[in-house]
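[1] Mind folding the following:
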Amino acid sequence: MESMLFCTVCNTVVGSLNDDLKYLIDANKYWRQADLDQRLALACGHPQISKGEMKAVCGRFMMEHFRKLKHELYRRYTPGYEEHEELIAVRDFCESLKACRPQQLTLYEHYTRAAKKMVGEYEDKQSPYLAYQHKKMKERLLM
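    All right, here's what the predicted structure looks like:
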């Protein structure tokens, strides 16, 4: 469970930072060092990182990888670096940090698979109640 949370946190944090990086590149802007430090400090405040164990795992992840994240982001919005204006390949980056194993699912991917399996079971039965539940489950998955 711990490794799944670590992988989930990495994907969430790096994905969020990647979205910010995309905005900076598109807007032809950059972060000052203080802004970058502050943005990284707020990374565990992402809405998908829940309180409790996941927040603690996020804190450990940031303690271990703060400098690497900062360096990668800096290289991607600073002219002169080979990676300039490239986005981070989130999954590959998390695997390179050893936060995720190859083909490891995040917590959200596990939930999505379970929900899709449940929807498939509802489709196999022909009851009106199950059809209603099936419709609601599909709506939740598409949100």
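[2] Do I have it right that residue 70 meets residue 34?
    No: between residue 70 and residue 34 there is no contact under C-beta atoms under 8 Å: 11.8 Å. (C-beta placed from N, C-alpha, C; glycine too.)
[3] who has more neighbours, those two?
    More neighbours surround residue 70 than the other of residue 70 and residue 34, with 17 against 8 (other C-beta atoms under 10 Å).
[4] contacting residues around the more buried one?
    Residues near residue 70 by C-beta atoms under 8 Å, 6 or more residues apart in numbering: 36, 37, 40.
[5] what's the helix or strand for it?
    With elements taken from DSSP states H and E, the one containing residue 70 is helix 53-77.
[6] can you check residue 113 too?
    Element membership for residue 113, per DSSP H and E: helix 107-124.
[7] On the three-state scheme, residue 129 is what?
    Assigned by DSSP: H, G, I helix; E, B strand; the rest coil, the conformation of residue 129 is helix.
[8] Filter the contacts of residue 70 down to the buried ones, ChimeraX style.
    Remark: buried members of the contacts of residue 70, expressed as a ChimeraX selection using 16 or more other C-beta atoms under 10 Å:
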select :36,40
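[9] Now tabulate the contacts of residue 70 in CSV and tack on secondary structure and pLDDT.
    Shown next, in CSV, are the contacts of residue 70 (DSSP: H, G, I helix; E, B strand; the rest coil; pLDDT from 0 to 100):
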residue, secondary structure, pLDDT
36, helix, 93
37, helix, 93
40, helix, 94
